[in-house]
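> Just a sequence and a predicted model for now, questions to come.
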Amino acid sequence: MEKFRYHRKHLLKFLKSKKANFDFESLYIHIPFCKKKCLYCDFYSVSDKKGSIKNFFDSLKAEYEEFRSLTDLSSIKTIYIGGGTPSLLLPEEIEALSSSIFSFNDFEIEEFTFEANPESIDLAKMVSLKKIGVTRISLGVQSLDDEILRFLGRIHSSEDARKAAREIKNLGFDLNIDIIYGIPGQTFGSLVDTVKQVVYLEPDSISAYALTVKKDTFNGLPLKSSEAYFEEYLYIVEFLRKNGYRHYEVSNWAHDGKESKHNLNYWLRKNYLGLGPSAASLIDDVRFSNEPSVTKYLTNNSAYFLEVLNEDQILLERFYLAMRTSLGFDISQSVTLNVEFLKEFVNQGLLEVSDNRIVPTDRGMFVLDSIVASLIA
Ligand code: SF4
């Protein structure tokens with residue numbers, strides 16, 4: 001797929017000329033600062049603030065206002081502030097996000113998520129989050145084994161995580177907890193202990209991600225075998241099911257009604273606007289992402305990488321995204337699938353077909369990429 005590089009002025013001109021549909025369902029805001037880079041992290045963030053937060057906020061406001069010149073953004077139903085580490089912001093900076101830039105209270109928001117790390121979230125910040133309308137906090141716990149946290153390069157302790165989770169619940173936010181599995185050197189028992197303790201904290205939803213790194217080793221240790229990943233994944237699937245969490249997406253579980261609306265919008269391929277360095281946006285057939293550079297972002301002259309998808313590409317993307325979820329894909333949409341493989345995957349217990357939909361099973365979700373690749377080959 002050909003990618004184009006546009007500066008903001010040209011991007012906006014292009015979108016206007018296409019008479020694009022600016023009814024964004026979701027808004028994502030990327031806060032690209034972290035205290036220290038974790039060893040496994042692939043997200044765009046920098047570990048020094050490269051100028052003040054005030055300058056960053058000025059650029060965020062400039063970007064936001066330029067998109068607002070195209071649309072009033074009143075269709076936005078979900079907001080997600082992610083990073084990076086948004087909880088590095090001070091209480092007054094959190095409130096300034098709303099009072100000086102976005103006026104969050106003007107949106108008719110159904111869900112407003114804020115990402116936090118255990119070491120940098122506290123009561124004062126949570127009070128500010130309440131004030132600006134945040135409904136859900138996603139806490140980057142990753143493990144409740146202190147040795148494993150150090151091995152991952154995290155700077156919080158398991159006690160920091162437990163304390164933050166309890167305070168988030170006490171203040172009445174919906175709580176999502178992120179954990180990682182497949183960590184080299186972590187025993188099965190240590191993973192089991194983390195999962196049990198996480199459930200004991202009673203989060204509304206849980207995200208469990210497989211550690212993925214591009215090399216064969218991580219922090220001096222060889223990666224785990226795919227069988228070991230699968231064993232840990234199956235344990236998580238079973239234990240969370242027994243405890244009332246529904247597996248609604250490859251890496252996500254929730255109590256009924258507590259699924260992330262914002263992320264579901266991504267998987268249902270609804271339009272979204274992303275602001276901040278590296279943030280991605282989707283408007284129907286146009287996808288663009290902001291250059292991952294704080295330095296350039298501060299000059300208000302960063303570039304966007306843009307691609308325009310044709311009908312077939314959109315349909316395939318819809319297929320792939322829908323297959324990530326427990327809703328599955330409606331077969332009556334005209335994607336040409338390899339029927340032999342489809343039958344084979346159903347026989348192997350990796351897919352189910354019912355009510356005209358193909359739905360991945362728990363085992364199928366673990367190998368989804370190869371299933372999808374075979375089905376559309
Ligand atoms: S805190 Fe999160 S975003 Fe920051 S480096 Fe660690 S994993 Fe990456």
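Perfect, thanks for sending it. Treat the numbers as computed from the prediction; the structure is a model and nothing was measured.

> Output the set of residues of this protein in proximity to the ligand.
Proximity of the chain to the ligand, by C-beta under 6 Å from any ligand atom, involves residues 34, 37-38, 41, 43, 45, 83-85, 117, 140. (C-beta placed from N, C-alpha, C; glycine too.)

> Can you tell me which residue is spatially central in the protein?
With distances taken as C-alpha atoms, centre = their mean, residue 263 lies nearest the centre of the chain, 6.6 Å away.

> my guess is that residue meets residue 249, correct?
Yes - in this structure residue 263 lies within contact range of residue 249 using C-beta atoms under 8 Å: 7.1 Å.

> What separation is there between the residue nearest to residue 30 when sequence neighbours are not counted and the ligand?
Excluding its sequence neighbours, the residue lying closest to residue 30 (C-beta to C-beta, 6 or more residues apart in numbering) is residue 276, at 3.3 Å. Noted for residue 276: a distance of 13 Å to the ligand, by C-beta to the nearest ligand atom, to the nearest Å.

> likewise residue 333?
Applying C-beta to the nearest ligand atom, the value for residue 333 to the ligand is 35 Å.

> Is that residue in a helix, a strand, or coil?
Secondary structure state of residue 333, per DSSP: H, G, I helix; E, B strand; the rest coil, is coil.

> Please point out which parts of the helix or strand hosting residue 372 sit buried.
For residue 372, the element it lies in under DSSP states H and E is helix 368-375. Buried residues in helix 368-375, counted by 16 or more other C-beta atoms under 10 Å: 368, 371-372, 374-375.

> Please apply the same query to stretch 350-369.
If you call a residue buried by 16+ other C-beta under 10 Å, then stretch 350-369 has these buried ones: 350-351, 358-362, 364-368.

> Output the residues you listed as CSV; include the columns pLDDT and secondary structure.
Output for the buried residues of stretch 350-369, formatted as CSV (pLDDT from 0 to 100; DSSP: H, G, I helix; E, B strand; the rest coil):
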residue, pLDDT, secondary structure
350, 96, coil
351, 96, strand
358, 93, strand
359, 95, strand
360, 96, strand
361, 96, coil
362, 96, helix
364, 96, helix
365, 96, helix
366, 96, helix
367, 95, coil
368, 95, helix
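
> Nearest to residue 12 among the residues you listed?
residue 368 (35.8 Å; C-beta to C-beta).

> which residues sit in contact with that closest one?
Listed by C-beta atoms under 8 Å, 6 or more residues apart in numbering, the contact partners of residue 368 are 250, 323-324, 360.

> thinking again about what came up before, other SSEs contacting whichever strand or helix holds the residue nearest to the centre of the chain?
Here residue 263, judged by DSSP H and E, is contained in helix 261-267. Judged by 3 or more C-beta pairs under 8 Å, 6 or more residues apart in numbering; DSSP states H and E, helix 261-267 is in contact with strand 26-31, strand 78-83, strand 111-116, strand 246-249, helix 311-323.

> and that helix, average pLDDT?
Helix 261-267 comes out with an average pLDDT of 97.

> Same check on stretch 193-204?
98.

> Check the offset of it from the chain's centre.
How far stretch 193-204 lies from its chain's middle: 20 Å, per C-alpha atoms, centre = their mean, to the nearest Å.

> Relative to the helix or strand hosting residue 141, what are the paired strands and their orientations?
If you go by DSSP H and E, residue 141 is part of strand 136-142. Paired neighbours of strand 136-142 in the sheet (DSSP bridges): strand 111-116 (parallel), strand 174-181 (parallel).

> Mind putting those strands into CSV with mean pLDDT?
Below are the strands paired with strand 136-142 laid out as CSV (pLDDT from 0 to 100):
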stretch, mean pLDDT
strand 111-116, 98
strand 174-181, 98
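
> For those, could you give me JSON lines that also reports mean neighbour count?
JSON lines is the format used below for the strands paired with strand 136-142 (neighbours: other C-beta atoms under 10 Å):
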{"stretch": "strand 111-116", "mean neighbour count": "25"}
{"stretch": "strand 174-181", "mean neighbour count": "23"}
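
> In ChimeraX, how would I select the buried members of the residues of the chain next to the ligand?
Selection of the buried residues among the residues of the chain next to the ligand in ChimeraX, burial being defined by 16+ other C-beta under 10 Å:
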select :34,38,45,83,84,85,117,140
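
> Would you mind writing the CA trace of stretch 302-313 as CSV?
Only the C-alpha atoms of stretch 302-313 are listed here, as CSV (Å, rounded to 0.1, in the frame of the first residue of the first chain):
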residue,chain,number,x,y,z
SER,A,302,5.3,17.4,11.9
ALA,A,303,4.3,15.2,9.0
TYR,A,304,1.5,12.7,8.7
PHE,A,305,1.9,9.4,6.9
LEU,A,306,-1.3,8.7,4.9
GLU,A,307,-2.7,5.8,3.0
VAL,A,308,-5.9,5.5,1.0
LEU,A,309,-7.5,2.0,0.9
ASN,A,310,-9.5,0.6,-1.9
GLU,A,311,-12.8,-1.3,-1.4
ASP,A,312,-11.1,-4.7,-1.2
GLN,A,313,-8.5,-3.6,1.3
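
> Low-confidence ranges, the stretch 51-200 of the chain, go.
The stretch 51-200 of the chain contains residues with pLDDT under 70 at 51.
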